[in-house]
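> let's see this in three dimensions:
(one chain, ligands or ions: 2)
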Amino acid sequence: MTEAYDPAREGAQMAFDGRMSYTDYLGLDAILTAQHPRSTAHDEMLFIIQHQTSELWMRLALHEISAARGHLQEGNTRLAFKMLSRVARIFEQLNNAWDVLRTMTPSEYTEFRDALGESSGFQSWQYRLIEFTVGNRNVALLKPHAHREDLTQALEAELARPSLYDVAVRVLAKAGFAISADILNRDLRQPWRADESVQAAWREVYCDPQKHWELYELAEKLVDFEDYFRRWRFNHVTTVERVIGFKRGTGGTAGVMYLRRMLEVELFPELWHLRTEL
Ligand code: HEM
Ligand SMILES: N[C@@H](CC(=O)c1ccccc1NC=O)C(=O)O
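Ligands and ions are numbered 1, 2, ... in the order given. Next comes the predicted model:
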């Protein structure tokens, strides 16, 4: 009989008293003890982990989007592009994750839905922060966070900064395109309104990509991101219809009808509208 292979013989570290281990570095004790099902339903663990992993990916997305915006503001366009490409891949990851959740049937979800109370993804502050950071701003959506001063402050602080799209449009202005002063001095807390001067600028970029290559690349990175984001919204609403049909949401909205309305949101409207004119 051959003896079991021992990696220690070729130097694998096996003693971790006083040394930082994998579990220590990754803070796994906190993460792996944070699943607290409120029912005895088998699928509640799937539901919890699906959301927790989504929130972790959103944490990274926020880290990348805010850094990309900072680099764009400082003229480090290449670094910003690299980060925006990563954000699109993160959303691809989030999109693929729906395949796991889709294995849960309506009857399996019904077993624990009541245990969720009035909690809902509608109250995901990281999701709202992503929306605010890229440019989809709506002060009405601060309200579910009023009971948490720290979260309200984080969301309010974001509304005071120019969004990723505001910054992209300022880059256009810096490059010499005539952007209306109303846009450049807009109230940052308000939703973005499609603007003719912005569309004309992007149109010019798309009419001669060679001449405006960096701006063209920036525009396509933004469109790419929105493309993945739209797919996330679509996967979500389809999964919701599959699992709860047209029931009202635990968050109090009409459910599928609310989510269908959100499918119409355009993050970077001029970048989509200009295509009809090319
Ligand atoms: C069976 C699975 C799911 C169902 C039945 C479901 C249902 C719903 C419903 C009905 C809403 C509308 C708000 C409400 O009234 O509750 C909503 C919103 C939301 N859900 Fe889910 N959801 C599911 C999975 C997920 C997952 C995996 C995520 C990932 C984090 C998520 C994130 C969100 C977010 C961010 C919103 C707010 C969307 C917005 O305001 O545009 N949901 N969900
Ligand atoms: N809004 C869902 C509940 C739900 O999906 C949910 C509940 C708690 C934490 C996250 C959730 N996910 C997305 O909304 C429903 O109405 O069934």
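> from E241, how far off is the residue in the stretch 151-278 of the chain that ligand 1 sits nearest to?
Here the stretch 151-278 of the chain gets closest to ligand 1 at one residue, G249, 2.1 Å apart by Cβ to the nearest ligand atom. Heads up, the C-betas are built off the backbone N, CA and C, glycines and all. According to Cβ to Cβ, to the nearest Å, G249 stands 12 Å off from E241.
> neighbour-wise, which of those two wins?
Just comparing G249 and E241: by other Cβ atoms under 10 Å the higher neighbour count belongs to G249, 18 against 15.
> contacting residues around the more buried one?
G249 makes contacts with S120, F122, G255, Y258, as judged by Cβ atoms under 8 Å, 6 or more residues apart in numbering.
> which of these tops the neighbour count?
When neighbours are counted by other Cβ under 10 Å, G255 leads these with 20 neighbours.
> how confident was the prediction at the nearest residue to L28 once chain neighbours are set aside?
Among residues not flanking L28 along the chain, Y22 sits closest, at 7.5 Å (Cβ to Cβ, 6 or more residues apart in numbering). Per-residue pLDDT puts Y22 at 98.
> quick one: neighbours of Y22, just the number.
Y22: 8 neighbours (other Cβ under 10 Å).
> how much space between it and ligand 1?
27 Å (Cβ to the nearest ligand atom, to the nearest Å).
> next, count neighbours for W98.
When neighbours are defined as other Cβ under 10 Å, W98 has 17 of them.
> let me fix that, I meant to ask about T250.
As a burial measure, T250 scores 18 neighbours (other Cβ under 10 Å).
> list the contacts for it?
Contacts for T250 (Cβ under 8 Å, 6+ apart) come out as R113, L116, G117, E118, S119, S120.
> one more pass at 10 Å, please.
For T250, the contact set (Cβ atoms under 10 Å, 6 or more residues apart in numbering) comprises R113, D114, L116, G117, E118, S119, S120, G121, F122, Q123, I244.
> could those go into JSON lines alongside secondary structure?
Putting the contacts of T250 into JSON lines (DSSP: H, G, I helix; E, B strand; the rest coil) gives the following:
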{"residue": "R113", "secondary structure": "helix"}
{"residue": "D114", "secondary structure": "helix"}
{"residue": "L116", "secondary structure": "helix"}
{"residue": "G117", "secondary structure": "coil"}
{"residue": "E118", "secondary structure": "coil"}
{"residue": "S119", "secondary structure": "coil"}
{"residue": "S120", "secondary structure": "coil"}
{"residue": "G121", "secondary structure": "helix"}
{"residue": "F122", "secondary structure": "helix"}
{"residue": "Q123", "secondary structure": "helix"}
{"residue": "I244", "secondary structure": "helix"}
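> I'd like to know which of those residues are buried.
R113, F122, Q123, I244 (16 or more other Cβ atoms under 10 Å).
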